[in-house]
Every structure is written in structure tokens, then in C-alpha cells.
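*Asks:* With the input below, show me the fold.
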Amino acid sequence: MAPMTRGTDLPFRRLAREWGAEVCFGEMAYAHKTHGRERGDLPLLRRHPSETVFGVQLAGKIPEVMAEAARVAQDQGADFIDVNCGCPIDEVTRRGFGASLLQRPSKVAAIVAAMKAAVTVPVTIKLRLGWSDGEPTYLKIARAAVEAGVDAIALHARSRAQRYRRAADWDQVRTLAQEVRVPVIGNGDVFTWRDAKQRMQETGCAAVMVGRWALAKPWLFREYAEERDIEPAPPERLAVVRSYVELCREYFRDDERGRARTRRFLVFHQDFFRRYRRNAARDAVNADDPRAWGDAPADELEAWLCRSDAPAAAALARWLVDGEEAAPPPLTPDAARAVEVVALG
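*Replies:* Alright, predicted model coming up:
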């Protein structure tokens, strides 16, 4: 499962693990906030005992800072450490982190070399095709990272400028897999277990990485392992959401502050849970038009679970988190969306 800001919180990683995810990342952490006087991102390095393979993803641009953060991550129990070279959001790139590094092969090499010297666990990088459309730089970055000792490379086959608006270009994953001598992990538009199998066969990549579709249907990992489609009925869908709430309750604690945090995280994740529909189109996770998402909800419960408006999400949270009576509110056409997702790394 790909590293995603807010998406790969510890409770959700546990949920994905229950559904068969073998390798999970924590949320992207700023390297400079994991050690020294400022340690606000240190909790993002925490793993759960149930996680079989856990990776920490770091964002930064100063090799020495990244190396020290890597040491902290290793001490916290990370099985491998990843350098974020692909996050497209402005808050990250204006600092010179994330996708900004797609323009600086020598800087990436220096970061990888410093981290390799600091830790004994593998060091990987995750990158996009390039900063701009039509100007791919991923091969330069990959070659520099390999020479610096990187152990594996994950490629999200879109440019920074494309965000998620265009289909991922898996031909570029094939090119990278043929170019470098380290394992390549392909990422982008993996909708079904068949997609994952087909992408590996077509490109020769060592593995596939699933992002937003894992948030929408965490059972995707079990589908891959068992090579079968899983189409949960409405009560089964509700059980997935309820399971996530219980994992949040355990992690955040069942007090007033903990329940408030659970409600916030539930609203975020519900904005992805709602996107699953039977017979959905491949690009449904990118769309805000429910007509593109597949079959209509089977009943009132599923219709509630498929809603994105704030009243519906708030009522769901009151029911599952606070134990209030289950009652979906009337649908108001002009109701505000419960959560606005700016971007995910």
C-alpha cells in the first residue's frame, strides 16, 4: 500500500493488514520533525506489532537531516525507509521537498548516499515521471539513486503537473524496470487484482503499489492473493467502516479527545469508502460524479454509505463513534461535501 498523507494512518494500515496487505507505509513524515527539538512527526514513524513489513517515508532535502531521520526511523522499527520524490502538493514542493527533487538528480543521490551510510535497513525512493508534462526526468533520478546505492524504486507513472487527472503511463514503468538493476515497483490506477497481475506481467516490475483504490476498497489485497472478486453487500461494507472505527478507538482512546480524532479520520476515510460501487469504472476514484461509479446502491444503508455530503458523514460518525441512533439525514442537493481532499502524496 502506497504512503498517503492522512490515508495510511496506523488504524487504517491495520485494517489493510487484516485484508491481506503485506507491505505498508506510514504517512509521509517531514525529516526535520522527527528528531532534535521539533518532533511533531515522530508518531508517524510508529508501527503496530501486526504489521509484517513496515516502511517509513521521509520528506526533506538536506542529506544530513534525512540521514538522522533515517536513524530515528530505524530505531523505531522501520523495515525500510523511503525518500519522497513525488509529492505534488504546494506545501511540500515549495520547501524543496517531494516532487521538487525530480529536478535535482545530484541532490537525490546525496540524500540516498547519506541515508545508506546512516542505516542498515534498505533505502528506497518513490518518484513521479517528472515535474512537468512532456519533460520526464525519472530516468536521470533513478540512475543517480542507483549509483548512490538505493535498494528499490517505486514509480508513480504520472508527472507532478498531472496530479491524478490522467491515466498512469505504465510504459514508463516498463522502461524503468529494463533500465535499472534494482527492483521497480509500479504505481497508478491499480483498480482490481487483475490490473495488478497484468501490470506485473506487461512491465516486468517486481511489485505493484496501490494508493487511492486501497482506501476505497481495502479488500483489494485479498482479491489479489485469492485471485477473485470480492463484492461486499451493504452490511459487509458497513462492517468494514465499523472495523476502522474500532481500530481508531483503540489507537486514539475512547475519551472525548480520542472520539473527536476518530470522527475526523472517519470523515476523511469515508470520502474514499463511499467511492466503491459494484461494476465501477476504472477512473471512478478520480470522479466526483456518482453516475461514473457503477451500480446504484442496493438499499438505504448502502445509499448512506455512498454519500459524500457533510450531514450524511456527520450522522454516520455520530452513529458509529458516539453510539447515537442510526438515521441517515435527508439528501440536500446543495449540501457541502464532508471533506475536501487537496492532494495525496
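
*Asks:* Low-confidence stretches in the stretch 151-300 of the chain?
*Replies:* 161-165, 281-293 (pLDDT under 70).

*Asks:* ok, which stretches of it are strands?
*Replies:* Counting by DSSP state E, counting those that start in this stretch, the stretch 151-300 of the chain has these strands, from start to end: 152-156, 184-187, 207-209.

*Asks:* who's in contact with Asp90?
*Replies:* Counting by C-beta atoms under 8 Å, 6 or more residues apart in numbering, Asp90 touches no other residue. Placement of C-beta: from N, CA and C, glycine included.

*Asks:* how close does it get to Ala99?
*Replies:* Using C-beta to C-beta, to the nearest Å, Asp90 is found at 10 Å from Ala99.

*Asks:* Same question for Val23.
*Replies:* Val23 is 23 Å from Ala99, by C-beta to C-beta.

*Asks:* go on, Arg263?
*Replies:* For Arg263, the distance to Ala99 - C-beta to C-beta - is 32 Å.

*Asks:* quick one, domains of the protein?
*Replies:* According to automatic domain parsing, the chain is divided into the following domains: 10-226, 234-320.

*Asks:* Can you redo these as CSV, where the extra columns are distance to Arg337?
*Replies:* Listed next are those as CSV, based on distance: least, C-beta to C-beta, whole Å:
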stretch, distance to Arg337
domain 10-226, 16
domain 234-320, 5
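
*Asks:* circling back: any idea which of the strands of the stretch 151-300 of the chain is most buried?
*Replies:* strand 152-156 (a mean of 27; mean count of other C-beta atoms under 10 Å).

*Asks:* got the contact list for the closest residue to Arg166 other than its chain neighbours?
*Replies:* The shortest distance from Arg166 to any residue other than its chain neighbours is 6.4 Å, reached at Arg158 (C-beta to C-beta, 6 or more residues apart in numbering). Arg158 makes contact with 128-129, 164, 166, 168-169, 188, according to C-beta under 8 Å, 6+ apart.

*Asks:* all helices in the stretch 51-200 of the chain, in order from the N-terminus.
*Replies:* 63-75, 90-93, 105-118, 138-147, 170-179, 193-203 (DSSP state H, counting those that start in this stretch).

*Asks:* buried set for the fifth one?
*Replies:* When neighbours are counted by 16 or more other C-beta atoms under 10 Å, the buried residues of helix 170-179 are found to be 170, 172-177.

*Asks:* Among those, which one lies nearest to Arg212?
*Replies:* Trp170 (16.5 Å; C-beta to C-beta).

*Asks:* who are the neighbours in contact with the closest one?
*Replies:* 157, 186, 188, 199, 202-203.

*Asks:* rerun that using 10 Å as the cut-off
*Replies:* 155, 157, 186-190, 195, 198-199, 202-203, 205, 208 (C-beta atoms under 10 Å, 6 or more residues apart in numbering).

*Asks:* mind checking how far it is from Leu44?
*Replies:* For Trp170, the distance to Leu44 - C-beta to C-beta - is 30 Å.

*Asks:* if we can go back for a sec, quick check: which of the domains of the chain is buried the most?
*Replies:* The stretch of those with the highest mean neighbour count (mean count of other C-beta under 10 Å) is domain 10-226, at a mean of 20.

*Asks:* where does it sit relative to the chain's centre, distance-wise?
*Replies:* Mean-position distance between domain 10-226 and its chain equals 9 Å (C-alpha atoms, centre = their mean, to the nearest Å).

*Asks:* Numbering from 111 from now on, please.
*Replies:* With 111 as the first residue, the last one maps to domain 120-336.

*Asks:* ok, back up a step: which among the helices of the stretch 161-310 of the chain is found nearest to Val350?
*Replies:* Comparing the helices of the stretch 161-310 of the chain by C-beta to C-beta, helix 303-313 comes nearest, at 17.2 Å.

*Asks:* Need the residues that contact that closest one.
*Replies:* So helix 303-313 is contacted by 265, 267, 278, 280-288, 294-300, 302, 315-320, 323, 329-340, 392 (C-beta under 10 Å, 6+ apart).

*Asks:* and what of stretch 340-349?
*Replies:* 129, 303, 327, 329-330, 332-333, 350, 352, 383-384, 386-389, 405, 407-416, 426, 429-430, 436.

*Asks:* Now tabulate the buried residues of helix 280-289 in a markdown table and tack on distance to Met114.
*Replies:* What follows is those, written out as a markdown table (distance: C-beta to C-beta, whole Å):
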| residue | distance to Met114 |
| --- | --- |
| Trp280 | 20 |
| Gln282 | 21 |
| Val283 | 19 |
| Arg284 | 25 |
| Thr285 | 25 |
| Leu286 | 22 |
| Ala287 | 23 |
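
*Asks:* What is the nearest of these to Arg214?
*Replies:* Out of these, the member with the shortest distance to Arg214 (by C-beta to C-beta) is Leu286, at 18.3 Å.

*Asks:* how much space is there between that closest one and Ala255?
*Replies:* 11 Å.

*Asks:* who touches both of the two?
*Replies:* 237, 263, 292.

*Asks:* which residues does the nearest residue to the last one once chain neighbours are set aside contact?
*Replies:* Residue nearest to Val292 in three dimensions, not counting chain neighbours: Ala262, with 5.4 Å by C-beta to C-beta, 6+ apart. Applying C-beta under 10 Å, 6+ apart to Ala262 gives the contacts 190, 192, 232-236, 255, 290, 292-295, 316-317.

*Asks:* run the last query once more with 8 Å
*Replies:* Per C-beta under 8 Å, 6+ apart, neighbours of Ala262: 190, 232, 234, 292-295, 316.
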